[in-house]
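Asks: I would like the atomic coordinates for the input below:
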Amino acid sequence: MGFNDREIVALLGAHALGRCHTDRSGYWGPWTFAENTFSNEYFRLLIEERWSPKMTHNGKPWDGPDQFEDSTGKLMMLPSDMVLVQDPSFKKVVELYAKNEEAFFKDFASAFSKLLELGVSFPATKAWYQLW
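Replies: Predicted coordinates for the structure are as follows:
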């Protein structure tokens, strides 16, 4: 798709919003405590929390797909999220965004715009004053 490492990490920052539902994806839980707020909390949590494989859910053994949870069991991360702190080049960007929300917002806007425009051809047009 033509995204560089920084753009990939920025786009995954969309996990700051929403949650997973077992009846739709098999995964369970939110990525952040403020699942309706777009912020850099996702990146801060990736670095600051201790993540371990999810073993139980509501007192029963977890039988869903592999995922990770924080020490409270209230937050989750997918295996694809954990790669961001395991891969050295991705981790540098995660650390930047965890410290600098404005850099994340700027990079996300650019990468998301690029994502929306994939496959769209923009024909060359004349300036408006040359149309008559």
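
Asks: make it CA atoms for all contacts and neighbour counts henceforth
Replies: Fine.

Asks: how about the contacts made by Asn40?
Replies: Gly13, Ala16, Tyr97, Ala98, Asn100, Glu101, Phe104 (C-alpha atoms under 8 Å, 6 or more residues apart in numbering).

Asks: Ser89 now?
Replies: If a contact means C-alpha under 8 Å, 6+ apart, then Ser89 has Asp5 as its contacts.

Asks: what about it, which SS state?
Replies: helix (DSSP: H, G, I helix; E, B strand; the rest coil).

Asks: just checking, which helix or strand of the chain averages the lowest pLDDT?
Replies: Within the chain, no helix or strand scores below strand 56-57, which has a mean of 93 by mean pLDDT, DSSP states H and E.

Asks: which other residues reach that one?
Replies: Residues outside strand 56-57 that contact it (C-alpha under 8 Å, 6+ apart): Trp62.

Asks: mind giving me the packing neighbours of the host helix or strand of Asp107?
Replies: Per DSSP states H and E: Asp107 is located in helix 101-117. Helix 101-117 sits against helix 5-12, helix 88-99, with contacts defined as 3 or more C-alpha pairs under 8 Å, 6 or more residues apart in numbering; DSSP states H and E.

Asks: helix or strand next in line after the least confident helix or strand of the chain, which one?
Replies: Counting by DSSP H and E, the next helix or strand C-terminal to strand 56-57 is strand 60-61.

Asks: hmm, back to that, list buried residues within the contacts of Asn40.
Replies: Gly13, Ala16, Tyr97, Ala98, Glu101, Phe104 (16 or more other C-alpha atoms under 10 Å).

Asks: dump those residues to CSV, plus distance to Glu48 and pLDDT.
Replies: Shown next, in CSV, are the buried ones among the contacts of Asn40 (distance: C-alpha to C-alpha, whole Å; pLDDT from 0 to 100):
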residue, distance to Glu48, pLDDT
Gly13, 16, 97
Ala16, 15, 95
Tyr97, 13, 98
Ala98, 9, 98
Glu101, 15, 98
Phe104, 17, 98
